[in-house]
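Enquirer: When you get a sec, could you give me coordinates for this:
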Amino acid sequence: MKSWSEQGLRFHERYPWSHPAIATYSEFHEVAYILPALNRVVANNPDDKEAERRASGLVRAMRSLVIHRKRIADLTEDVTEPVYEFPNDVYFPDRGFDLTRHTGRGEQAIFNGAVLLPLVHRGELAGDDVALDLAVGLANHLLGMSGYFSYRMEFLGHVHCAVWIACGLVRLGRLISEKRYVLKGKAIYDYVRSLSSSFGWVPEYAQRQPLTEEHCETCCIKDMIECAMELIDCGYAEHGNDVNLFARNQLFENQIKEGCFVAVDNTLPDTEDTTYRDIDQRLVGGFSGKADPNSIVLSRFASVAGCCMSTGPQALQIVWERAIKCQRNRVTVNLPLDKATDRADVSMGYPNEGWIAVTPRRKCEVAIRLYPWMGTNVTGSVAGQPHEFVREGELAVFRDVPGGATAEIRHNLRLRKVKEFVQGRT
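Expert: Numbering: from 1, shown residues only. Take a look at the predicted model:
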């Protein structure tokens, strides 16, 4: 909550390693991390007036700084739909936009545009019309004048930002009932999925360099999981298995479980900008910045990444919260994960055995999502006795399961040997 200007923007603190000649600045891409944090505080603590004031002020400050583009279709028609663009990716407190100074990231449109999803969240959460107006204007610029995406929504560049934008497009389209935004977001997702492995590995960049030089950034996995969830909410239930694959085969595996590969020298003193103490233990729990399809890359700048260490837990939370849906008279298991709630206990036998068991705490319906890899010979039981279930789309539904009784599905597991070309290799 430090370093806010009267205008409403948040500026960098100076870091110990900052070059003396570099002034503090506000970076619009960084807002894509700051605004979601404020949204979370406001959602969890509605009485936090300071967080609400900061979020509202930040949105209005950004809105005041955009260029409002006018599109003229011909000499007789003035298209009034908003198109907003930031003139640069940084803003200085003493001189505003300085076009001779930028972060050097490149791909300014999508790095700035990553703020789209938190703007939509802000609009939903607080009924903030300014946030939604800014979201619509930025979306229109990204899909049109920016020239970043082709008509098929293919692109050359940063996957994390592009799919983050896709999440915002899908959610925006659902919120304001504009199907075109949903379809554009889905097209970005489908394009990145076409570059990914069947089992969940996603490249950090699209077509920027040879695939053999690509790795999987955990941020990209978070975005693909979140975008798949948004698409499911729009009726594209077929992406449910994508979430399972991304989470089980890449997200969980990208987390650092042990730090034995890190050399430690506790005789070195920590300095103002570098720490050495017990770094092998402190690394545990972080997330890989660059993973191969079969292993974490254990090298500098790759074994962990600061952005991934914040987005990884967000992805875990998305999966955890959506794994089970509890309604008034139904418990629905969407993902095959062990989880206990105040409504039901869920356990499963994967990866060694093919079964999911649900024990509700009171009488209700139990619905378990079926996946293509379960095959067609799926059997059900309640309280240890064979029991038929009803198919509702992709759900196996058990009616009137007594509290304390276990509803279970079982199926055979198949072993397949597959040769796949991924990361530019077989």
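Enquirer: Show residues contacting stretch 418-426.
Expert: 196-199, 201, 203, 210-215, 292-293 (C-beta atoms under 8 Å, 6 or more residues apart in numbering). C-beta: built from backbone N, CA, C; applies to glycine.
Enquirer: ok, which stretches of the protein are helices?
Expert: 28-44, 49-65, 108-113, 116-126, 129-143, 159-176, 179-195, 218-233, 240-246, 252-254, 279-282, 308-323 (DSSP state H).
Enquirer: Name the spans of the stretch 301-426 of the chain whose pLDDT lies under the cut-off.
Expert: 301 (pLDDT under 70).
Enquirer: Give me the residues contacting stretch 268-284.
Expert: 15-17, 256-260, 262, 264-266, 303-304.
Enquirer: ok, now with 10 Å
Expert: Under the criterion C-beta atoms under 10 Å, 6 or more residues apart in numbering, residues 15-18, 255-267, 303-304, 309 lie in contact with stretch 268-284.
Enquirer: Of those residues, just the buried ones, ChimeraX syntax please.
Expert: To isolate the buried members of those in ChimeraX, using 16 or more other C-beta atoms under 10 Å:
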select :255,256,259,262,264,303,304,309
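Enquirer: Out of the contacts of stretch 268-284, which sit inside strands?
Expert: Among those, none falls in strands (DSSP state E).
Enquirer: circling back to that earlier point, which among the contacts of stretch 418-426 end up buried?
Expert: Among these, those that count as buried by neighbour count (16+ other C-beta under 10 Å) are Ser196, Ser197, Trp201, Pro203, Glu214, His215, Asp292, Pro293.
Enquirer: The second one contacts Pro203, correct?
Expert: Yes. Ser197 is in contact with Pro203 according to C-beta atoms under 10 Å; the separation is 9.4 Å.
Enquirer: Dump stretch 294-304 to CSV, restricted to CA.
Expert: What follows is stretch 294-304, C-alpha atoms only, in CSV (Å, rounded to 0.1, in the frame of the first residue of the first chain):
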residue,chain,number,x,y,z
ASN,A,294,9.7,-34.4,-18.3
SER,A,295,11.6,-32.4,-15.7
ILE,A,296,12.2,-29.1,-14.0
VAL,A,297,15.1,-27.1,-15.5
LEU,A,298,17.6,-26.8,-12.7
SER,A,299,19.6,-23.7,-13.8
ARG,A,300,19.9,-20.1,-12.9
PHE,A,301,16.9,-17.9,-14.0
ALA,A,302,14.9,-21.1,-14.7
SER,A,303,14.6,-23.3,-11.6
VAL,A,304,12.4,-20.7,-9.9
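Enquirer: mind checking how far that stretch is from the chain centre?
Expert: Distance of stretch 294-304 from the chain centroid (C-alpha atoms, centre = their mean, to the nearest Å) equals 21 Å.
Enquirer: Can you list the neighbours in contact with it?
Expert: 201, 215-218, 253-257, 259, 261-262, 283, 285-292, 312, 422-423.
Enquirer: Show me the shaky parts of the stretch 1-150 of the chain.
Expert: If you take pLDDT under 70 as the line, the stretch 1-150 of the chain has these spans: 71-79.
Enquirer: now do 80
Expert: Applying pLDDT under 80 to the stretch 1-150 of the chain flags the ranges 21-23, 70-80.
Enquirer: and the nearest residue to Thr341 once chain neighbours are set aside, what is it in contact with?
Expert: Excluding its sequence neighbours, the residue lying closest to Thr341 (C-beta to C-beta, 6 or more residues apart in numbering) is Ile324, at 5.9 Å. By C-beta under 10 Å, 6+ apart, the residues touching Ile324 are 331-335, 337, 339-341, 343-346, 358.
Enquirer: beta partners of Ile324?
Expert: Taking DSSP bridges as the rule, Ile324 bridges to Val333.
Enquirer: From Pro360, how far off is it?
Expert: Distance of Ile324 to Pro360, given as C-beta to C-beta, to the nearest Å: 11 Å.
Enquirer: cool, Asn45 as well?
Expert: For Asn45, the distance to Pro360 (C-beta to C-beta) stands at 32 Å.
Enquirer: More neighbours: which of these two?
Expert: Taking other C-beta atoms under 10 Å, Asn45 and Pro360 do not tie; Pro360 has more neighbours (24 against 12).
Enquirer: which of the residues in stretch 130-150 are buried?
Expert: By neighbour count on 16+ other C-beta under 10 Å, the buried set for stretch 130-150 is 130-143, 146, 148-149.
Enquirer: can you check stretch 6-19 too?
Expert: Per 16+ other C-beta under 10 Å, stretch 6-19 contains these buried residues: Gln7, Gly8, Leu9, Arg10, Phe11.
Enquirer: With stretch 236-245 instead?
Expert: Tyr236, His239, Gly240, Asn241, Asp242, Val243, Asn244, Leu245.
Enquirer: how about Ala383, what does it touch?
Expert: Going by C-beta under 10 Å, 6+ apart, the list of residues near Ala383 reads Thr359, Val401, Pro402, Gly404, Ala405, Thr406, Ala407, Glu408.
Enquirer: Equivalent analysis for Pro386, please.
Expert: When contacts are taken as C-beta under 10 Å, 6+ apart, Pro386 is in contact with Thr379, Gly380.
Enquirer: just use 42 as the starting number from now, easier for me
Expert: Okay, using 42 as the starting number, the last item reads as Pro427.
Enquirer: CSV for the contacts of Ala424, including neighbour count?
Expert: CSV is the format used below for the contacts of Ala424 (neighbours: other C-beta atoms under 10 Å):
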residue, neighbour count
Thr400, 19
Val442, 24
Pro443, 13
Gly445, 11
Ala446, 19
Thr447, 18
Ala448, 29
Glu449, 22
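Enquirer: closest to Arg110 among these?
Expert: Nearest to Arg110 out of the contacts of Ala424 is Ala448 (C-beta to C-beta; 55.9 Å).
Enquirer: Quick check: the closest one touching Val407?
Expert: Yes. Counting by C-beta under 10 Å, Val407 is a contact partner of Ala448 at 4.2 Å.
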